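[1] Build me a structure from this.
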Amino acid sequence: MTTSATILAVDDQASFRFLLEQQLDNAGFTPVMAADVAEALAVIERQPVDLILSDLVMPKVDGMAFLEQVRERHPEIPFIVLTAHGSITSAVEAMRRGAFDYVEKHCDPDELRFTLQRALDYQRLRSENDSIKLHLREKFSFQNIITTSARMREALELAARVAAPPRTTVAIYGESGCGKEVLSRAIHFAGGGLPAGFIAVNCAAIPDTLLESELFGHVRGAFTGADHEREGKFSAARGGTILLDEIGDMPLVLQAKLLRVLEERTFEKVGSNTPLPAECRVVVATNHNLEELVNAGSFRKDLYHRINVFPITIPPLRERREDIPFLTEHFLNHLRDHQGKKLPGISQKAMEELMAYDWPGNVRELRNCLERATIVTDSELIRPEHLSIVQAGQAGPHADAAVPEAGHVFYHMDFRADEISLEAVTRHVLDITLERCGGNKSKAADLLKVNRKMFYR
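    You can find the predicted model right below:
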């Protein structure tokens with residue numbers, strides 16, 4: 001599809017310029033003609049140009065020198081070379097120096113239009129991609145992590161320092177919901193990583209039998225059901241960052257293989273002996289005390305020392321309560337943008353409740369609490385009765401996870417007849433239990449008497 005893009009065409013032959021101007025106009029472009037490089041540079045300075053189409057052989061300044069000037073001053077403008085018959089070698093050299101493509105003089109008009117449109121489409125996609133990358137870098141930048149806490153600022157400063165060296169393994173420690181993945185993404189984008197280059201793997205959510213294949217991939221026939229070759233997460237993260245979340249739940253046999261990956265920077269697909277390069281930054285995260293796991297024999301000591309090259313600890317929200325008002329304002333502004341309605345502010349009493357609560361689910365729990373409050377309130381302010389938090393020794397506003405007497409837990413369920421199913425009941429119990437435990441998955445799994453991996457599944 002052609003557009004009215006402005007094409008600057010440069011050639012010293014007046015008769016060819018006239019012919020070229022007609023072809024460009026007929027193809028739906030807006031042609032601007034120039035007889036030499038000086039005239040072309042003057043055009044670029046006084047008006048926007050979407051693409052340059054230039055002859056190579058011209059008096060005074062040739063097309064190759066013009067290309068060098070455009071690459072230096074306006075690298076965003078696609079440059080296409082016009083070549084006479086028999087000068088393909090010069091055209092190829094121009095492409096090596098940065099030209100997008102070349103077309104022969106007096107070529108078929110359809111061929112010219114196709115080449116120009118392809119260059120314009122490429123530039124448009126590159127511009128859109130740059131905008132997306134800029135948006136994501138801004139969204140996940142360290143500046144967007146809300147804090148006034150000295151301890152949190154220290155963690156951010158450490159993360160900013162380690163963003164530059166891409167081969168340094170980073171270990172992020174902190175409770176569930178405190179923002180370990182958010183910090184990992186900030187490190188990735190601060191290091192110049194591409195949006196698609198950040199891969200997160202939750203080691204606790206994947207069965208032990210599948211985790212190795214998930215990380216490293218497998219070849220066809222490696223095990224029963226492997227009817228085709230599959231790329232793993234380490235391959236997908238090539239040139240970017242892989243986050244191994246909940247590293248403390250990784251099985252011991254796989255810990256040994258991960259150690260080899262970190263030491264040798266290579267890995268092998270399941271069922272293969274061919275080493276592949278591990279060309280990515282490795283970030284690990286956990287809410288466990290790995291030293292205690294090492295002492296208990298459930299985590300390898302050598303791997304612990306290998307991943308603990310650059311440790312960063314994120315303090316829990318209860319230890320940086322000064323951040324709560326700023327986080328509250330940030331989340332409410334975000335919810336106003338995404339819920340499509342006028343949302344309330346927060347009363348002084350409700351803010352006091354937020355400041356007094358210990359937030360076992362940390363920042364994630366605070367956000368969820370505020371989202372619920374904005375939905376249930378019809379007033380101009382969020383008040384304490386709108387908050388789904390339970391202070392120690394008090395009854396909460398939602399009774400579906402209340403404890404009526406010692407040793408009993410009451411779950412209230414209310415489904416429409418067409419909604420009831422075993423899956424719906426199971427999910428409801430999981431949701432209520434997770435909320436009751438403040439977002440702490442380990443505590444929720446213990447309360448339901450299942451292991452953590454089964455809780456995730």
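[2] element containing Val261?
    helix 252-264 (DSSP states H and E).
[3] Can you list the helices and strands that that helix packs against?
    For helix 252-264, the elements it packs on are helix 208-216, strand 266-267, helix 301-307, judged by 3 or more CB pairs under 8 Å, 6 or more residues apart in numbering; DSSP states H and E. Every residue, glycine included, has its C-beta placed from N, CA and C.
[4] Tell me the spacing between Phe331 and Ser347.
    Distance of Phe331 to Ser347, given as CB to CB, to the nearest Å: 16 Å.
[5] Which pLDDT value belongs to Arg318?
    Among the per-residue scores, Arg318 holds a pLDDT of 94.
[6] what comes into contact with stretch 18-38?
    2-12, 14, 17, 40, 42-43, 47, 49, 53, 58-63, 65-66, 69, 109, 112-113, 116 (CB atoms under 8 Å, 6 or more residues apart in numbering).
[7] buried set for that stretch?
    Residues of stretch 18-38 classed as buried under the neighbour-count rule (16 or more other CB atoms under 10 Å) are Leu20, Glu21, Gln23, Leu24, Ala27, Phe29, Pro31, Val32, Met33, Ala34, Asp36, Val37.
[8] Out of those residues, the closest to Ile432 would be?
    The shortest gap between Ile432 and any of the buried residues of stretch 18-38 belongs to Phe29, at 62.7 Å (CB to CB).
[9] Check the gap between that closest one and Asn295 for me.
    Remark: distance between Phe29 and Asn295 (CB to CB) = 72 Å.
[10] Low-confidence regions, the protein specifically.
    1-3, 85-87, 129-141, 143, 194-196, 337-341, 343, 390-419, 438 (pLDDT under 70).
[11] got the contact list for Gln348?
    Under the criterion of CB under 8 Å, 6+ apart, Gln348 has no contact partners.
[12] Any chance of the backbone angles for Val283?
    Note on Val283: its backbone torsions stand at phi -120, psi 130 [degrees, to the nearest 10].
[13] Please work out how many residues are found near the spatially closest residue to Pro166 that is not a sequence neighbour.
    Closest residue in space to Pro166, ignoring its immediate chain neighbours: Arg281 at 4.9 Å, by CB to CB, 6 or more residues apart in numbering. Counted with other CB atoms under 10 Å, the neighbours of Arg281 add up to 26.
[14] Please apply the same query to Asn451.
    Applying other CB under 10 Å, we find 14 other residues in the vicinity of Asn451.
[15] My read is that Asp323 contacts Ala150, right?
    No: taking contacts as CB atoms under 8 Å, Asp323 lies outside contact range of Ala150: 10.9 Å.
[16] Show me which of those two is the more surrounded one.
    Taking neighbours as other CB under 10 Å, Asp323 and Ala150 compare with Asp323 leading, 20 against 10.
[17] now the strands for the stretch 51-200 of the chain?
    Remark: strands assigned in the stretch 51-200 of the chain by DSSP state E, counting those that start in this stretch are 51-55, 79-83, 101-104, 170-173, 198-202.
[18] related to what we said a few turns ago, doesn't Val162 make contact with the residue nearest to Pro166?
    No: under the criterion of CB under 8 Å, Arg281 is not in contact with Val162, lying 9.2 Å apart.
[19] which neighbours do the two share?
    Thr168, Val170, Ile187.
[20] just how off-centre is the helix or strand hosting Leu19 within its chain?
    Leu19 belongs to helix 14-26 when elements are defined using DSSP H and E. When C-alpha coordinates are averaged (CA atoms, centre = their mean, to the nearest Å), helix 14-26 and its chain have centres 47 Å apart.
[21] Kindly report the same for stretch 362-372.
    On the basis of CA atoms, centre = their mean, the separation between the geometric centre of stretch 362-372 and that of its chain is 22 Å.
[22] Run through who's touching it.
    Stretch 362-372 is touched from outside by 174-179, 316-317, 324, 327-328, 331-332, 335, 354, 359, 361, 382, 386-389, 438-439, with contacts defined as CB under 8 Å, 6+ apart.
[23] next one: stretch 44-53
    Here stretch 44-53 has contacts from 5-10, 20, 32, 40, 43, 70, 73-74, 77-80, 82, 103, 116, 119-120, 123, using CB under 8 Å, 6+ apart.
[24] Now, of those residues, which are buried?
    Among the contacts of stretch 44-53, those buried by neighbour count (16+ other CB under 10 Å) are 5-10, 20, 32, 40, 43, 70, 77-80, 82, 103, 116, 119-120, 123.
[25] got the helices and strands packed on helix 252-264 as CSV, with mean neighbour count columns?
    What follows is the helices and strands packed on helix 252-264, written out as CSV (neighbours: other CB atoms under 10 Å):
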stretch, mean neighbour count
helix 208-216, 18
strand 266-267, 18
helix 301-307, 17
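[26] Tell me which of those approaches Ala94 most closely.
    strand 266-267 (39.6 Å).
[27] Which other helices and strands does the closest one contact?
    Packed against strand 266-267 by the contact rule (3+ CB pairs under 8 Å, 6+ apart) you find helix 252-264, strand 276-277.
[28] how about those, which one is nearest Leu447?
    With distances scored as CB to CB, the stretch of those nearest to Leu447 is helix 252-264 (26.6 Å).
[29] In the closest one, which residues are buried?
    Of all the residues in helix 252-264, those buried under the rule 16+ other CB under 10 Å are Gln255, Leu258, Leu259, Val261, Leu262.
[30] Measure how far it is from the centre of its chain, please.
    Between the mean C-alpha location of helix 252-264 and the chain-wide mean there is a distance of 26 Å, by CA atoms, centre = their mean.
[31] Give me the residues contacting it.
    Contacts of helix 252-264 (CB under 8 Å, 6+ apart): 169, 208, 211-212, 215-216, 234, 244, 250, 266-267, 275, 278, 282, 298-300, 302-303, 306-307.
[32] what do you get for stretch 321-337?
    Contacts made with stretch 321-337 from outside it, assessed by CB under 8 Å, 6+ apart, are listed as 146-149, 152, 317, 342-343, 345-346, 351, 354-355, 363, 366-367, 370-371, 374.
[33] hmm, which of these are the buried ones?
    If we count by 16+ other CB under 10 Å, the contacts of stretch 321-337 have these buried: 146-147, 149, 152, 317, 343, 346, 351, 354, 363, 366-367, 370-371, 374.
[34] In strands only, show me those residues.
    Filtering these for membership in strands, criterion DSSP state E, returns Ile346.
[35] on that earlier part again, show me which of Phe331 and Ser347 is the more surrounded one.
    Ranked by neighbour count (other CB under 10 Å), Phe331 and Ser347 place Phe331 first, with 19 against 16.
[36] Would you quantify the distance from the more buried one to Ser176?
    Computed as CB to CB, the Phe331 to Ser176 distance reads 18 Å.
[37] Leu244 too?
    Note on Leu244: its distance to Ser176, by CB to CB, is 16 Å.
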